[in-house]
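[1] okay, structure incoming, though there's no sequence with it:
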């Protein structure tokens, strides 16, 4: 069964056409990478799927339900989580408070004004467990803006997962990371997304080929091809458009 | 141990508030009531400015509406209990907030500030022009202030300044406590999240506009309580005290001076303003000149305000003693 499907998606930014007839199918439980050169429309596709934009044409289906034009908060409540290419955490809140926001949403505590947050012990405990799992328990009370780059990216990734979504959309989680940091991030992603469906945009081919079960190549706003990592590696059109003679 | 300290702190504060008018006399009691009114008013403004990141140039709208509603209700309804009069002020401010919030929660930044300036001035002009309701420039004044009745026990005459002090401090204090509590609840934390990163709040599954609407209404409602107590205190409410643009600016300045990043900053700011006004007016009429100089130096040398400055000193001391 497909957890996510897009049907004939077109999108343009006031005249500039970015997506052409994109039909993406993500199977439940798979790890799916979207690759392609800069400007191919990868992030726009993410934005259309996760509700930042409504597509100019076409429909999006999530778990069999049409979700075209749904707001991000509605999609999160249906079980979708998303991280951003540019870190998007709460900069003035501590790592603990950042994660706690996600835990609150997961527990559907959204409009409660009757109880002190600090006295909600189950929330505190669960937040601390998450911090431990992502190796941020040492940085519990440090504001997100003061975390090292690698740690703040870890926080960004875990924010997408804090609401315990069925489908996780990661937009270049390892962007700007050193080799070591990338290695750790891949391990973290692998651990956190166990049993979930993941869609990832990534430029680092080592990351792509080590994480993905299937790959979709986007080129000039259209899907060039989809397939297993081996099929993609051997595909001549992909080599011409993107991979070149890269040894992978 | 920590709980014990907390209880001792509260008890001392309570005793100080009870004894204050007996020690300082009626004049300074009235000064304190003015301070408490503006402390609550500034705290409600800071809910928008400091906590949600929304600057408003029209917060007087809610203050004035609360004041007018209470005054007009007392003027026209015979035998209205005092608590009901304050509640009417509270509800009137809520109604105003509910009318405005469908527009206001969809804008932020300059648009939010300027739309409030516009609506605030509209209310000012309405208060001047709708004479049959508001009494025009004379305002609504001289209404009877009913005694505070306790069913089965008796009643207290709160037109007496001493009794009014206890009444006002109770109402304003409970309001401030409620708002403090609110900032510590889950919804209060979502409010802080919106200030930092509204997009992320949305992508965590929270409804940003609805949350903003709740905060906006709450801030307006309690500004209405402050205005309502003000009208009772002065036994008068007029357009210049209620809706003038200076009434909107005062809590902004108090918040800036006291400290925008803390719940208690605006309260400290209201106190500082009260004290400075009290001291300078003994020597000169140019109170604004002194206020302006202080505001400029705070912005230049202590951008986080009084509370931020105190925290800075505290950290410095801790660091020194650690060495």
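    Looks like it came in fine. Keep in mind that what you see is a predicted model, and the values were worked out from it rather than measured.

[2] give the helix, strand or coil label for the residue most central in space within chain A.
    Geometric centre of chain A, nearest residue: residue A:170, 1.8 Å, by C-alpha atoms, centre = their mean. With DSSP: H, G, I helix; E, B strand; the rest coil as the basis, residue A:170 sits in strand.

[3] in three-state terms, how would the closest residue to it other than its chain neighbours be classified?
    Nearest residue to residue A:170, sequence neighbours excluded (C-beta to C-beta, 6 or more residues apart in numbering or on different chains): residue A:200, at 4.5 Å. The way it works is simple: take the backbone N, C-alpha and C, and place the C-beta from them, glycine included. Of the three states, residue A:200 takes strand under three-state DSSP.

[4] tell me the contacts of residue A:200?
    A:31-34, A:169-170, A:173, A:189, A:207-208, A:211-212 (C-beta atoms under 8 Å, 6 or more residues apart in numbering or on different chains).

[5] any chance of these in a markdown table, with distance to residue B:244, secondary structure and pLDDT too?
    Putting these into a markdown table (distance: C-beta to C-beta, whole Å; DSSP: H, G, I helix; E, B strand; the rest coil; pLDDT from 0 to 100) gives the following:
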| residue | distance to residue B:244 | secondary structure | pLDDT |
| --- | --- | --- | --- |
| A:31 | 62 | strand | 93 |
| A:32 | 61 | strand | 93 |
| A:33 | 61 | strand | 93 |
| A:34 | 58 | strand | 92 |
| A:169 | 51 | strand | 93 |
| A:170 | 53 | strand | 93 |
| A:173 | 53 | coil | 90 |
| A:189 | 58 | helix | 91 |
| A:207 | 61 | helix | 88 |
| A:208 | 63 | helix | 89 |
| A:211 | 63 | helix | 89 |
| A:212 | 64 | coil | 90 |
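
[6] near chain B, anything from stretch A:42-61?
    Yes. With C-beta under 8 Å from any C-beta of the partner chain as the criterion, chain B is reached by stretch A:42-61 at residue A:50.

[7] rewinding a little: buried among the contacts of residue A:200? Need that as a selection in ChimeraX.
    Restricted to buried positions by 16 or more other C-beta atoms under 10 Å in any protein chain shown, the ChimeraX selection for these reads:
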select /A:31,32,33,34,169,170,173,189,207,208,211,212
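
[8] can you name the residues bridging to the residue nearest to residue A:170?
    residue A:33, residue A:170 (DSSP bridges).

[9] not counting its neighbours along the chain, what's nearest the residue of chain B found nearest chain A?
    Ranked by C-beta to the nearest C-beta, the top residue of chain B for proximity to chain A is residue B:205, at 3.5 Å. Nearest residue to residue B:205 in three dimensions, chain neighbours excluded: residue A:76, at 3.5 Å (C-beta to C-beta, 6+ apart).

[10] I'd assumed that neighbour was in a helix, is it?
    Yes. When three-state DSSP is applied, residue A:76 is found to be in a helix.

[11] enumerate every residue touching it.
    Taking C-beta under 8 Å, 6+ apart as the test, what residue A:76 contacts is A:105, A:163, A:165, B:203-205.

[12] could those residues go into JSON lines alongside neighbour count?
    Listed next are those as JSON lines, based on neighbours: other C-beta atoms under 10 Å in any protein chain shown:
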{"residue": "A:105", "neighbour count": "23"}
{"residue": "A:163", "neighbour count": "24"}
{"residue": "A:165", "neighbour count": "23"}
{"residue": "B:203", "neighbour count": "29"}
{"residue": "B:204", "neighbour count": "28"}
{"residue": "B:205", "neighbour count": "26"}
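
[13] could you dump those residues to TSV with secondary structure and pLDDT?
    Listed next are the contacts of residue A:76 as TSV, based on DSSP: H, G, I helix; E, B strand; the rest coil; pLDDT from 0 to 100:
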residue	secondary structure	pLDDT
A:105	helix	91
A:163	coil	90
A:165	coil	92
B:203	helix	94
B:204	coil	93
B:205	coil	92
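
[14] just give me the closest of those to residue A:40.
    Closest approach to residue A:40 among the contacts of residue A:76 (C-beta to C-beta): residue B:203, at 22.9 Å.

[15] what about chain A, any weak spots by pLDDT?
    Low-confidence segments of chain A (pLDDT under 70): A:245-248.

[16] ranges for the strands of it?
    A:2-13, A:16-22, A:25-27, A:31-35, A:57-62, A:65-66, A:80-83, A:167-171, A:197-201, A:214-219, A:222-227 (DSSP state E).

[17] most packed of those?
    strand A:80-83 (a mean of 28; mean count of other C-beta atoms under 10 Å in any protein chain shown).

[18] that strand - contacts with which helices or strands?
    Packed against strand A:80-83 by the contact rule (3 or more C-beta pairs under 8 Å, 6 or more residues apart in numbering or on different chains; DSSP states H and E) you find helix A:42-50, helix A:149-161, strand A:167-171.

[19] what's the closest of these to residue B:294?
    Closest among the helices and strands packed on strand A:80-83, using C-beta to C-beta: helix A:149-161, at 38.6 Å.

[20] return the list of helices and strands in contact with the closest one.
    Counting by 3+ C-beta pairs under 8 Å, 6+ apart, helix A:149-161 packs on strand A:80-83, helix A:95-106, strand A:167-171, helix A:179-192.

[21] what's it in contact with?
    A:81-84, A:87-89, A:95, A:98-99, A:101-102, A:130, A:134-136, A:139, A:144, A:147, A:168-170, A:173-178, A:181, A:184-185, A:188-189, A:192-193, A:196, B:200, B:204.

[22] now do stretch A:180-187
    Residues contacting stretch A:180-187 (C-beta under 8 Å, 6+ apart): A:149-150, A:153-154, A:157, A:173-174, A:177, A:204, A:206-207, A:210-211.

[23] quick check, nearest of these to residue B:99?
    Distances from residue B:99 to the contacts of stretch A:180-187, taken by C-beta to C-beta, are shortest for residue A:157, at 42.7 Å.
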